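[1] give me a 3D structure for the following:
(2 chains)
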Amino acid sequence: MLTINPIRWGKQYKSLDFQEVFHFDTGEPIAKIGQVNGGMVEMDMRKAANARKALRSIPTPELIARCKRAAHLFEHETLPLGDGQQTVDEFIHQQSASTGLPEHMCRNNMQKNCFVLSNIDTILDALTRGLALDIFSKGYGEEGRNVTVSYQCQTPVLGAVLPNNSPGVHTLWLPAVPLQVGLVLKPGSQEPWTPYRMISAYIEAGIPAEAFCLYPGGHDVGSTIMNKCSRSMIFGSAHTVEQYSGNPRVQAHGPGFSKILIGDDVVDHWEDYLDLMVESVLSNSGRSCINCSGIWASRHTKAIGEALAARMGAIEILPPTDPKAALAAFTNPQMAKGTFAMVQQDLAEAGVTDMTASFGERLVERERSAYLRPMVVTADSPQRGVAMKEYMFPFVSVVQCSQKDMIKSIGPTLVGTALTADEAWIDDLTNATHIDRLNIGPMPTSRLNWLQPHEGNLIDFLFRSRAYQIVPMRVPQTVG
Amino acid sequence: MTASSPAWLATTEQIATAKQSLDQHAYESVQWHFHDSTGSPFWLEKKKELKFDPLKEVKVFDDLKKFPEFEDEWLRGGPINRWIPKGLLGKPTYVFETGGTTGIPKSRMVIDDFRIDYELFSHTLPDEYFPKGSNWLMLGPSGPRRLRLAIEHLCQYRGGICFCIDLDPRWVVKLIKKGWMEHLEEYKRHCIDQAITILTANHDIKCMFTTPKLLESLAAGLAEKDTSIQEIGITGIFSGGTEFTPQWTRFCVEELLGGPAEESGVYMTPTYGNTLMGLACSRPVILEEDYTIAYYAPQPRAVVEVVDFDDHTKVVGYGETGRVKLYTMTKEFFVPGFLERDEGEREMPYTKYPWDGVSGVRPYRAFASSTTVGVY
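    This is a model prediction of the structure:
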């Protein structure tokens, strides 16, 4: 069995504490992962400055070239992992086995990560609005209009407490490396695969190993990373996001409550957008924050719900190796049962109808895992509790709401796809501060353009724009 | 001893002598606690419910298994005086509490036990690292707990003066439950700052008690000031209060203390105990045994067993996993078998402590997810 060790500034640490990772369906052990404690992280963070120093010793264009090489290695080559090696197929199989995601979805997530890293120069160009990257390396430079600009790096390392269930989110921390900021990562206990393989690819591609820490461990490891890194990301629940709200040191990522909003000008032609709706709800088995959890329209909501249920309600559970598998397993069956119980509470409210009720059982329990098959519910008003819900499986509520009340009723929305050509409404949507990513037109919520910032611009998070004035200095020569 | 037996294994003779002493002690304890002239109101009342006569039918330690399991809930609420044995009435009496973040804490009546327990423990400490006459720092929970008085007595018994910094674990648990992590960090810093101030004030402090979490924080706080536990002159650390793992101990020895005692000059001994029993000492924790931490109760005053998860009267085989069961038999307090909230592996008798021990102590699996551990 593979043994994966913590990495402390590029060096493997052979811990005496291990946590085993098991195949969700067969119960077969896949790997044992060495654990660290918060105190170790705290002691290591005293050397964090060395990470940025090592990265700054390599010019940014060269770092970008190595990142692109890392992308290739990540996607195509066998790489060192713990006390062994890992092929691409092993990576896919292991990730699927511990997260419950079908293998083809794991492959898609891998390609998404690779796309970001392969196009890192273009993405950085977009995020920096075209500034020369040596400004971020040196801390100041010439903007090009005879104006000096300064971007001061706020941290030598970016900390991240990574999620268990969603291998797609790793795109968010990847750009730190070419920005010469080290990485201190706590991998999710079920999904150590992507961070480990990515760091392995970075190191194999020639990025200094001392820029990286990987700390599998308990809650104290996560809280120490958050405390000791001047900038960190965390992935968690709505409560986690609320806990760090307004904290400039932390970028908190939680549920997305992403939505499709149908304008009155196109709602009578809703059938034209059915494919878009299904893709938004179903892709990645509904696990992402960018999956659509609400479709809002002023009329035809019953018909929309019926049509969506007809498309998704009959979807069956297929083995994770099946390229047609659309549903991910809950590796913890209790979580599926708990989620289903919450949905039952939602359905008990008057005005809420389960459109998938006639398509068979939704909760399917297996010996070691469980599945929730897609659910479509309608709500006759935004006041219904279900209108504000998001679950970790393909679940969508079709909410009836007048266009004039829609923006003020939808609540926080990570991705809002507005199906409309109504200029006045588009203007209102553009000004709605509770919508983060806004798609105007027929764009599935789950399709991201990586040239756009996601939940805040990483540059603004890691760097601070400040005044920097230079006056030539004459230094008198010392008479020897 | 066979060729594969560890060198530390107790001899058959040592084990037999210890067993004889335990049987005698168990008999005498029951006679004391259940005799109308010496027993406590609590046990004399309980005697009426028993289906056997403890005065006649408890002759050896194993006879204690006739008693129903001790329920720690009996310790919540008063009157506390019902626990005082008649034979000890009139002596200055303490109450020590455990738990109590919410609701009524468990209270244990104590007269001299904490002093006796810590004096016995003192004799297990190596003088090389815990020099007689040196001063101590007690960095941990005081308040209604036993620790402060016990550590102070240990220090005085060894001829030193004890400095004390308090940490209130009930407040720490509340901070965690409220999610006030910034307050938690500030409170920890507040304690560590006080400790560093005392340690750098020329008081010739060479020994200390602290919890694993606070030791970590102290080392980090000293590192921020470009110094270390080793540099500041600490040579002996007695630690306990929360869970120790071999990995944490290794990290502590290698990275907080500067290496094994023979190289760094700093010795740390993990302990296991609570207000109900005395202090269980560990076998030396060394790299060669993968930092295995095996505890041995201070027999015959207290006994630790590792019992079957389903049949609590059955001890598991050596090396096997089971629930930790405690017995306490002092003049002041009688616990004929209490199921701890921990599990572990049964360990073979050690030459210094020729009776069973327990290693790998961790929260009992059925409670693990609902228990807040390691808070201070």
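[2] the host helix or strand of B:Val361 and chain A in contact?
    Element membership for B:Val361 (DSSP states H and E) is strand B:357-363. No - contact of strand B:357-363 with chain A (CB under 8 Å from any CB of the partner chain) is absent, the minimum separation being 10.7 Å. (Each C-beta comes from the backbone N, C-alpha and C, glycine too.)
[3] residues in contact with that strand?
    B:243-245, B:272, B:280, B:283, B:292-297, B:304, B:306, B:321, B:324, B:341-350, B:368, B:371, B:373 (CB atoms under 8 Å, 6 or more residues apart in numbering or on different chains).
[4] give me the nearest residue to B:Leu199, chain neighbours excluded.
    Using CB to CB, 6 or more residues apart in numbering or on different chains and skipping residues adjacent in sequence, the residue nearest B:Leu199 is B:Ile232, 5.3 Å away.
[5] any idea how far A:Lys186 is from the residue of chain A found nearest chain B?
    Closest to chain B within chain A is A:Gly39: 3.4 Å, counting by CB to the nearest CB. Noted for A:Gly39: a distance of 14 Å to A:Lys186, by CB to CB, to the nearest Å.
[6] check A:Ala71 too.
    Distance of A:Ala71 to A:Lys186, computed by CB to CB: 23 Å.
[7] these two: which has the busier surroundings?
    Set side by side, A:Ala71 and A:Lys186 show more neighbours around A:Lys186, with 29 against 23, by other CB atoms under 10 Å in any protein chain shown.
[8] ok, that one - contacts?
    A:Lys186 touches A:159-162, A:214-217, A:221-222, A:225, counting by CB under 8 Å, 6+ apart.
[9] coming back round to it: narrow the contacts of strand B:357-363 to those in strands?
    B:272, B:280, B:294-296, B:304, B:306, B:321, B:324, B:341-347 (DSSP state E).
[10] out of those, which are buried?
    The neighbour-count test (16 or more other CB atoms under 10 Å in any protein chain shown) marks B:272, B:280, B:294-296, B:304, B:306, B:321, B:324, B:342-347 as buried among those.
[11] and residue 64, how many neighbours?
    I went with chain A, as the question did not name one. 18.
[12] can you look at chain B instead?
    By other CB under 10 Å, 19 other residues sit near B:Leu64.
[13] so it lies in a helix, does it not?
    Yes - counting by DSSP: H, G, I helix; E, B strand; the rest coil, B:Leu64 is found in a helix.
[14] got the residues of the stretch 201-350 of chain B near chain A?
    B:213, B:216-217, B:219-220, B:223-224, B:245-248, B:250-252, B:255-256, B:290-291.
[15] now, of these, which are buried?
    B:213, B:216-217, B:219-220, B:223, B:245-248, B:250-252, B:255-256, B:291.
[16] most proximal residue of chain B with respect to chain A?
    Here chain B gets closest to chain A at one residue, B:Glu216, 3.4 Å apart by CB to the nearest CB.
[17] show me what contacts the residue nearest the centre of chain B?
    Centroid-nearest residue in chain B, with CA atoms, centre = their mean: B:Gly273, separated by 1.7 Å. Shown in contact with B:Gly273 (CB under 8 Å, 6+ apart): B:240, B:279-280.
[18] who does it bridge with?
    B:Leu279 (DSSP bridges).
[19] B:Asp166 too?
    Beta-bridge partners of B:Asp166, as defined by DSSP bridges: B:Gly140.
[20] skipping its backbone neighbours, what lies nearest residue 77 in space?
    I went with chain A, as the question did not name one. Closest to A:Glu77 by CB to CB, 6+ apart is A:Val88, at 7.4 Å.
[21] that's the wrong chain, I wanted chain B
    Of all residues beyond its chain neighbours, the one nearest B:Gly77 is B:Ile104 (5.3 Å), with distances taken as CB to CB, 6+ apart.
[22] any idea how far B:Pro298 is from B:Leu279?
    Distance from B:Leu279 to B:Pro298, counting by CB to CB: 6 Å.
[23] now do A:Ala252
    49 Å.
[24] do A:Pro323 as well
    Distance from A:Pro323 to B:Pro298, by CB to CB: 64 Å.
[25] what do you get for B:Gly39?
    Distance from B:Gly39 to B:Pro298, by CB to CB: 23 Å.
[26] kindly report the same for A:Pro6.
    From A:Pro6 over to B:Pro298 the distance is 37 Å, taken as CB to CB.
[27] more neighbours: which of those two?
    The neighbour count for A:Pro6 versus B:Pro298, taken as other CB under 10 Å, is higher for A:Pro6 (25 against 22).
[28] is it true that that one touches A:Tyr215?
    Yes - assessed by CB atoms under 8 Å, A:Pro6 is found in contact with A:Tyr215 at 5.6 Å.
[29] intersection of neighbour lists for those two?
    In contact with both A:Pro6 and A:Tyr215: A:Val36, using CB under 8 Å, 6+ apart.
[30] number of residues surrounding A:Leu451?
    11.
[31] relative to A:Thr417, how far out is the residue lying closest to it once chain neighbours are set aside?
    Distances taken as CB to CB, 6+ apart put A:Ala126 closest to A:Leu451, at 3.9 Å, once the chain neighbours are dropped. Distance of A:Ala126 to A:Thr417, computed by CB to CB: 21 Å.
[32] and A:Thr433, how many neighbours does it have?
    A:Thr433: 6 neighbours (other CB under 10 Å).
[33] ok, now B:Gln20?
    B:Gln20 has 12 nearby residues by other CB under 10 Å.
[34] which secondary structure elements does the helix or strand where it lies contact?
    Assigned by DSSP H and E, B:Gln20 belongs to helix B:12-34. Packing partners of helix B:12-34 (3 or more CB pairs under 8 Å, 6 or more residues apart in numbering or on different chains; DSSP states H and E): helix B:41-47, helix B:54-57, strand B:321-329, strand B:334-347.
[35] would a markdown table of the ones you listed with mean pLDDT be doable?
    Below are the helices and strands packed on helix B:12-34 laid out as a markdown table (pLDDT from 0 to 100):
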| stretch | mean pLDDT |
| --- | --- |
| helix B:41-47 | 96 |
| helix B:54-57 | 96 |
| strand B:321-329 | 96 |
| strand B:334-347 | 93 |
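[36] now, of the ones you listed, which is deepest in the fold?
    Comparing those by mean neighbour count (mean count of other CB atoms under 10 Å in any protein chain shown), strand B:321-329 comes out on top with a mean of 23.
[37] quick one: strands adjacent to that one?
    Applying DSSP bridges to the sheet, strand B:321-329 is found paired with strand B:302-307 (antiparallel), strand B:334-347 (antiparallel).
[38] output the ones you listed as TSV; include the columns distance to A:Ile135.
    Below are the strands paired with strand B:321-329 laid out as TSV (distance: least, CB to CB, whole Å):
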stretch	distance to A:Ile135
strand B:302-307	64
strand B:334-347	57
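[39] out of those strands, flag the one nearest A:Ala307.
    Closest to A:Ala307 of these, according to CB to CB: strand B:334-347, at 54.5 Å.
[40] where exactly do the helices run in the stretch 101-250 of chain A?
    Along the stretch 101-250 of chain A, counting by DSSP state H, counting those that start in this stretch, helices occupy A:103-118, A:120-127, A:134-138, A:193-204, A:219-228, A:238-243.
[41] residues of chain A that sit close to chain B?
    Residues of chain A lying close to chain B by CB under 8 Å from any CB are A:15-17, A:35, A:37-40, A:42-43, A:46, A:220, A:223, A:227, A:243.
[42] which among the residues you listed count as buried?
    A:15-17, A:35, A:37-40, A:42-43, A:220, A:223, A:227, A:243.
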